[in-house]
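[1] show me the folded form of this:
(2 chains)
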Amino acid sequence: LAKTTQPISMDSYEGQEVNITCSHNNIATNDYITWYQQFPSQGPRFIIQGYKTKVTNEVASLFIPADRKSSTLSLPRVSLSDTAVYYCLVGDRDQAGTALIFGKGTTLSVSS
Amino acid sequence: GAVVSQHPSRVICKSGTSVKIECRSLDFQATTMFWYRQFPKQSLMLMATSNEGSKATYEQGVEKDKFLINHASLTLSTLTVTSAHPEDSSFYICSAGLTSTSTDTQYFGPGTRLTVL
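    Residues are numbered from 1 along each chain as shown, chains lettered A, B, ... in the order given. Next up is the predicted model:
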């Protein structure tokens, strides 16, 4: 599985847009990029998944450049409740049957 | 989204006792489920892959005789921590994969907090 690198922590204020970038230089052709969010004492929650260009859903956007060696999770207008750890994972399309290997993640702290 | 439940949500036990944790996929069937362990301020660490109808596959360093996994049906996997000790105190999380036309990823249970006294 491709190794990912993320910032350990980020700070933001309510209402700001937050962009968390993940590096995955060794991403393989069949690999997808998936982001999870985890609150303390809870299981990770799926946020978004993409392969290339841009993916948007009701909570976030995922930007993936043409070389796919990095990706950026964009959270629009964050609130205090977005304070959490965000994990970037890279793996084969068949992630349903493949164990996910988690890196250290990015701890996002949102202040008022 | 798909729902995965775990029971119990938290358990406190005495050293030397065994504890069983259940993981259920509520609205889909999962041939494969995964068990993770997470210590405070750390990331999730994969313990084992649970396969329905066959033996689980354990990660290196995880004792299969201590962490018994049973995947008896397509919606239920259980993790039994045998002869638990204080160092087994941790947050245990399971996940199950869902394949659909729009996504192909895993969904996680809410976790079980185990405290061994």
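[2] contacts and neighbour counts: CA atoms only from here.
    Will do.
[3] quick one, strands of chain B?
    Assigned strands in chain B, in chain order: B:4-7, B:10-13, B:19-25, B:32-38, B:45-51, B:57-58, B:67-73, B:76-81, B:90-99, B:104-108, B:112-116 (criterion: DSSP state E).
[4] okay if I get these as JSON lines plus mean pLDDT?
    Shown next, in JSON lines, are the strands of chain B (pLDDT from 0 to 100):
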{"stretch": "strand B:4-7", "mean pLDDT": "96"}
{"stretch": "strand B:10-13", "mean pLDDT": "97"}
{"stretch": "strand B:19-25", "mean pLDDT": "96"}
{"stretch": "strand B:32-38", "mean pLDDT": "94"}
{"stretch": "strand B:45-51", "mean pLDDT": "93"}
{"stretch": "strand B:57-58", "mean pLDDT": "94"}
{"stretch": "strand B:67-73", "mean pLDDT": "91"}
{"stretch": "strand B:76-81", "mean pLDDT": "96"}
{"stretch": "strand B:90-99", "mean pLDDT": "88"}
{"stretch": "strand B:104-108", "mean pLDDT": "80"}
{"stretch": "strand B:112-116", "mean pLDDT": "97"}
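[5] which of these sits most buried?
    Comparing these on average neighbours per residue, with mean count of other C-alpha atoms under 10 Å in any protein chain shown, the densest one is strand B:90-99 at a mean of 26.
[6] ok, back up a step: figure out which of the strands of chain B is closest to chain A.
    When the strands of chain B are compared by C-alpha to the nearest C-alpha, strand B:90-99 sits nearest chain A, at 3.7 Å.
[7] sheet partners, orientation included, of that closest one?
    With DSSP bridges as the test, strand B:90-99 is paired with strand B:32-38 (antiparallel), strand B:104-108 (antiparallel), strand B:112-116 (antiparallel).
[8] redo the ones you listed as TSV? Include distance to residue B:14.
    Listed next are those as TSV, based on distance: least, C-alpha to C-alpha, whole Å:
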stretch	distance to residue B:14
strand B:32-38	19
strand B:104-108	27
strand B:112-116	6
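[9] residues contacting residue 24?
    All of this is about chain A. A:2, A:3, A:4, A:5, A:68, A:69, A:70, A:71, A:90 (C-alpha atoms under 8 Å, 6 or more residues apart in numbering or on different chains).
[10] sorry, I should have been clearer: chain B.
    With contacts defined as C-alpha under 8 Å, 6+ apart, the neighbours of residue B:24 are B:4, B:5, B:6, B:75, B:76, B:77.
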